Every structure is written in C-alpha cells, then in structure tokens.
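>>> here are the coordinates; sequence isn't available:
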C-alpha cells in the first residue's frame, strides 16, 4: 500500500515537472457576503428561497407557539410516534414533554454497533431494527444554520443527533431558531472549521429528475420538508 | 471484446426514439443551465474562478493529496492509494469479502450486500463486475443508475444516467423486472422504486460511493446528489467506501463551495443538488448511526501520467455533463455509443487516454497487465476523437474552461503522427492533390467522378467499390451534380 502511495506521488511529481498546463489566472476572489438591509430582512429572504425549493414554513414568535405549531403539524398527520433528535439537542425546550402530553412518543434511534467478528444474527437484527423504524412518518430535528441565499439547512450529526432522523421518514420537520439564519451559504462554508463527522446541507425535498427529467419528489429522503422559524428562544 | 465505435453508432442510429428523446432532454438541461447565467458575464466570472481553482489544484496535487490523506486518517478514516483499476477493485472486493480481517467463512457472508452510488469512476474501473465476481450483490441506490442496472445497460450521462430513455421504456422495464403495474406517471414509478431501494438500503452491509470532491484542508469527503440518497449512504451502511479520482480535490471549503456551484449551475441550473453530505471519518463515539469504518480509495489509473502529456487539462473536469448536453454528436448517438464513462466530448478525449476497465476476474487473480504509455490510442475508443464536428459548443459551456476542440484536434494529429490514423482519407487526398496539379487532368477526373457518382448515389446502393468501401458505413453519399462546374461555366461563356 505505502509503495503504491509513493509510486503515485513520484509519478505525479515527474509529470508536473514537465506539465504543459497553462498557469492559473489570478486566484478567485473570496466569496463575498451580501449585506441585508437589516437582520430582519433575512427571514423573508430565506422564506422566498424556501418557496422556490418547495419547503413549507411558518414563523413562531415564541417557543410556546413553536410547540403548538409542531403539535398541530404532527396531529394533522395522525402520527403517534416520531423520530427525533434527543430532547437536549432540540433548540426549543420542552418539545418532547409537550408532545408526550398529547400522546405522541418521540424516539432517538441508536443502532447497535457491529461486532468485530461478523455475525449473521447481528446483521439480521440490524436490518429488522431499521425496518421497524422505516414506517415512522415524521422526523424532527433542529438545524445548525439556514442560508438565506440558497434556502439550504445545515445539520451536523453527533450524539443525540442521528443521521437517520432526517433521512428515513417521509416528512421532515425542522425547528429553526431565527438566530441561526445566515446570509450566504458559501461564506458560511468557507469559514467553517473542521466540523463534525457528518454535516448535511439540505436544499428542499430530494428531487430525482432521472425519468425524462421530470421531477419525482422523495425517492430516497423526505417528500415534505417543513420549517418552523422560532423568533425568541 | 467491446464492439467498435462505428458499430455502436450504427446501433444507436437505428433506435427510432433515441434522437428525439435526447433532443428534448438535453434541450431542457440547456435551458435550465442558461437560467443560472442571466448574462454571459455571469458565466464568464464563475468560469474564470472555477478554472483557476482547478488549475491550481492540478499543479499542487501531490501536496494536496498528502494533506487530504493526513486529514482523513486524523479523523479515523483509512486511505488506500490505488495505482490502477485492478488495485482499487481488489481492495474493495477485499473489504466485501472481509479478507481484510480474519477471512473466515462467516466473514464471507458478512459483506455480500453492497449499496452503490455514482457510476462514472466505477464504470471506468469496472467495479461492479469485479465485486460480483467476488460474490457480492450490488444495488445502485441512485434511481437512474438503478434503472440502468435493471436494464443491464451502462449509464449514458454523468448526472442523469438514463437521459436516453423514454418514460414508456422505463415503465415497461419496471413492469417486466419488478412486476409493477402499468403506469407512465413518473412520480408513481419513482415511488415504486423507492420501496425496492429502501429494502436494499436497510439491509446493505457495505456502501460504495463516488466522491463529488474531497476537501484537502479538512478531509471532508463531499457527496452532492439531486435526490438526497447521500444521506442514506452516510447513515446506513456500517462500512463506507468512498471512491475518488485522484484529481477530484478541492483545496479548501471555499473552493468546494465555488466548484459545487459551478457544477450544479452547469448541469441543470440552481438547486440541482438538493443534498450535500460532508463526511469526516467514521461516526464518532456516541453517535446512534453512521459508518463504523470509512475508507477513502484514491484512484490514479493513468491520471498521473496524463498530466505530463498535453492533455492534462482534461483532468480538470468536474463531470457536470454540460459539454454532453451541448454536443450535436452526443445528441445524435447518445452516451452508450461512446463505450465508457464519461461520454460526450470530454469522453472523446479521456476514454482513449485512460486504460479500459480490466476484465472481471476474482480479486485473487493477477492484476491485468499495465497498458504501456499512450497505448491508449487503441480500438474500441480510437475513433472517438473523430466523433466531433469541432463546432466548439462544448468549450463554450465548460465551467472549468477545458478547450475540448483543441484537445480533439491534438489527438487526431497525434494519431496521424503515430501512424494510427485511417489511411483511406489520406489516399483520397493524395489523389485529389495529384489531380489538382493540372487543369485538364482535373477536368477529366471531375467528369469521371460526376458520372460515377450519378451511377452510385442511388437508393439501394449501400456500398462503394474498393478503396472507398468504408465510406457508406457511417455516411451517406450525396449525389454529385450531373455536369461539372467547369463544363457549365464554359457553356455559359459560349452562349455569352
């Protein structure tokens, strides 16, 4: 392995010594942030981007209103169980308790790690555990950022923030504190430090345009993405 | 043995729907691309910036690759450097069979179900055949690739793999292979496929994805998708293998932001990619899901040598497909006629220069012999540089400024110099040169050619006599004027 590495790097060095590539032009300018006329401008801009992407959204002035809006969303679907980030990872306090009061359970999936020695039994149990999660209709998460220019949401994985919650269900609901809205995706990405093991930028429900370029929504992930923007946390 | 290019073209031209389907679909993509660039200046600015990043990357590649490796290893990942297709395939097949660890019979069962995403690099190295030979069952998660897999066909486009298929064809295929009810509603077909793909995703033991780009500065491996299956790939398989062509590095996250924008705007306009995953190593302790092992396979496969030739700039390609969508030849023959990935103008340059995929064999077998330098101008892809009208539409839309027409002309010229160019046209040109050297000789021959042409250019005549026998295999013979220009000119002069 290390010999392949050295051979490849040596070959590259030799090739680059005699390359015939034209030298690059001046380095590209750093991405520039557009200046919103006021921070209040960010919500309507984000909302317009959401509209373009087919994301539904609403604004809650307080956490109490946010909890009520969430419960309405869940009850409209007649759902009794949802996948969710752990309570301490959700940006609005008391969400899990409030859902419980209305008889709605939340579940933060934890898959058993694969043993170092392979086992058919473990594989089957794992598949069965995933198959049991699959029919759950709603996934509830927070977000680490939302971008007013592209309408994308950034979700970092971590303890209490399983990746499956925003990937498996048919409907994804995001609680987004207004303070997490930033103007430019490119600027935010450029200034990101190393970050988590997994960062996902979600720009609306997935859209497969494979068959005659006709958009088909939610072939893999959620079909519906709903954002509740919470003004005061 | 793959069929020669001209035969594949003949098959494509006989397809009654191919050209209409491609004209429509590439037309939509060209329109969507234009929507991203309201003025030519908008495109020029993005192109200049993206081109500068790609050139800078290629010129600093050794340092960037070492930086990337250090970051990936530092975040708990494993890096494998594959010199060629056989090495990459053997490494992944080894993971599939579990031979990297104890290699018992139980291990063999363990990684038999492979979930795959991305088709350009895996097609280049012949990955699926190699994994199947190693006993794996491979399912493509991306809808277009999955449908191509069901049809037993290679994909025909880097972003939209079944752009050549009509929805009626897809519907018939899903009815036949998956016993699904008849429908031509695309959303219904996609929902049916969702059910099947979910089942494959939930039981996958190993995932293989192609990186869109990898960020050297942070070690983040970026996967951009239209339908969001990168999320399932990042969450579900306990072992995740990320395949990366060695040139697909973005130095910084700012460069990644720029290049993904250039890529999606050129592919099909803004918001083409609905999901972008950035993976830094396996899942951390305390996470409830995500891969427990993450392997990055850096694939050379001829690229390090290609940089020394005059064709290095072709490696700046970010696989947006814009040159395919703009190309009149691609729109006529489709992607499969190119016999590899990527198709279109960029494929016409790259496919003859990179080694063909090795024949599938068990990974224990000896690696395929390495192709000698520039062995690459060989059939079945040697004709590809000629599959261009040199109209320049590809160069106009390339977001990283690859001068494809110049590279195609350079390849034709290289083929001529190495004696590999077809000899027929040269002989005909020599005959013309001889004839044009003398006025009366030229007129006599002109009359003979007109008479012979009138005899030959008739319906029913499908083949010319030697040495022009090859002419009509890929062209029509236009009927020449019955009388030569000189004869008519003289007659006019006589009449006054």
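Arrived safely, thanks for sending. Not measured: the values here are computed from a predicted model.
>>> so for the longest helix seen in chain A, what gets flagged as buried?
Of all the elements of type helix in chain A, the one with the most residues (DSSP state H) is helix A:2-17. Neighbour counts over helix A:2-17 (16 or more other Cβ atoms under 10 Å in any protein chain shown) mark A:4-5, A:8-9, A:11-12, A:15-16 as buried. In short, each C-beta sits where N, CA and C put it, glycine included.
>>> which helix or strand contains the residue nearest to the spatial centre of chain B?
In chain B, the residue lying closest to the centroid (Cα atoms, centre = their mean) is residue B:342, at 0.6 Å. Counting by DSSP states H and E, no helix or strand carries residue B:342.
>>> what do you get for the one 10 residues further on?
Counting by DSSP H and E, no helix or strand carries residue B:352.
>>> wait, isn't it in contact with residue B:385?
Yes. In this structure, residue B:352 is within contact of residue B:385 by Cβ atoms under 8 Å, at 6.6 Å.
>>> neighbours around residue B:461, how many?
Applying other Cβ atoms under 10 Å in any protein chain shown, we find 11 residues neighbouring residue B:461.
>>> show the contacting residues for it.
With contact set as Cβ atoms under 8 Å, 6 or more residues apart in numbering or on different chains, residue B:461 has these partners: B:472, B:477.
>>> surely it forms part of a strand?
No. Note on residue B:461: no strand contains this position according to DSSP: H, G, I helix; E, B strand; the rest coil, which reports coil.
>>> thinking again about what came up before, of the buried residues of helix A:2-17, list those near chain B.
Intersecting the buried residues of helix A:2-17 with the contacts of chain B gives A:4-5, A:8-9, A:11-12, A:15-16 (criterion: Cβ under 8 Å from any Cβ of the partner chain).
>>> so which of those residues is the closest to residue B:390?
Of all these, the one sitting nearest residue B:390 is residue A:15; the distance, using Cβ to Cβ, is 27.6 Å.
>>> grab the nearest non-local neighbour of that closest one.
The shortest distance from residue A:15 to any residue that is not its chain neighbour, by Cβ to Cβ, 6 or more residues apart in numbering or on different chains, is 3.6 Å, and that residue is residue B:308.
>>> residue A:20 versus that neighbour, what's the distance?
Separation of residue B:308 from residue A:20 (Cβ to Cβ, to the nearest Å): 8 Å.
>>> the more surrounded of these two?
Using other Cβ under 10 Å, the more surrounded residue of residue B:308 and residue A:20 is residue B:308, with 18 against 11.
>>> how close does residue B:412 sit to chain A?
For residue B:412, the distance to chain A equals 18 Å [Cβ to the nearest Cβ, to the nearest Å].
>>> any idea which helix or strand carries that residue?
Following DSSP H and E, the helix or strand that holds residue B:412 is helix B:404-417.
>>> by contact count, what packs against whatever helix or strand comes next after the longest helix of chain A?
Toward the C-terminal end, the helix or strand that comes next after helix A:2-17 (DSSP H and E) is helix A:42-53. Contact partners of helix A:42-53 among helices and strands, from 3 or more Cβ pairs under 8 Å, 6 or more residues apart in numbering or on different chains; DSSP states H and E: strand A:56-60, strand A:145-147, strand A:181-182, strand A:224-230.
>>> mind doing that once more with 7 Å?
In terms of contact count using 3 or more Cβ pairs under 7 Å, 6 or more residues apart in numbering or on different chains; DSSP states H and E, helix A:42-53 is assigned the packing partners strand A:56-60, strand A:181-182.
>>> just checking: what are the partner strands of the first one?
Looking back up the chat, that one is strand A:56-60. Strand A:56-60 has its sheet partners listed here by DSSP bridges as strand A:224-230 (parallel).
>>> quick one: distance of the partner strand to the chain centre.
Taking the mean of its C-alpha atoms, strand A:224-230 sits 12 Å from the chain's own mean (Cα atoms, centre = their mean, to the nearest Å).
>>> no further queries at this time; thank you.
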